[in-house]
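**Q** structure of the sequence below:
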Amino acid sequence: MWQAIKSVLAAFLGVQKDARRREDFASNRPGTFIAAGLLVGLVFVLLVAFVAVLAAR
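**A** Presented below is the predicted three-dimensional model:
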């Protein structure tokens with residue numbers, strides 16, 4: 001799961017190499033990347049909401 005999270009973070013930042021992306025999808029199930037993407041997306045939204053609440057004070 002940690003490898004999938006690292007790959008999703010690299011993809012979110014736009015620094016994922018094509019060779020690494022091919023390797024990831026050849027060796028892992030898509031469900032792992034979907035779960036990692038949802039987790040990273042949720043953490044990002046919560047972080048933005050937290051910063052917005054702090055800025056509003």
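
**Q** switch to C-alpha atoms for all contacts and neighbour counts from now on
**A** Noted.

**Q** after the helix or strand bottoming out on mean pLDDT in the chain, heading C-terminal, what element do we hit next?
**A** Taking mean pLDDT, DSSP states H and E as the measure, the helix or strand of the chain with the lowest value is helix 18-27, at a mean of 81. Downstream of helix 18-27, the next assigned helix or strand under DSSP states H and E is helix 30-56.

**Q** what number of residues lie near the closest residue to G37 other than its chain neighbours?
**A** Distance criterion Cα to Cα, 6 or more residues apart in numbering; nearest residue to G37, sequence neighbours excluded, is V8 at 5.9 Å. Neighbour count for V8, taken as other Cα atoms under 10 Å: 23.

**Q** for L54, see how far away V8 is.
**A** From V8 across to L54, the span is 27 Å (Cα to Cα, to the nearest Å).

**Q** now do E23
**A** 40 Å.

**Q** for L42, same thing?
**A** The gap separating L42 from L54 is 18 Å, by Cα to Cα.

**Q** neighbour count for these two, which is higher?
**A** The neighbour count for L42 versus L54, taken as other Cα under 10 Å, is higher for L42 (12 against 9).

**Q** pLDDT at that one, what is it?
**A** Turning to L42, the model gives it a pLDDT of 97.
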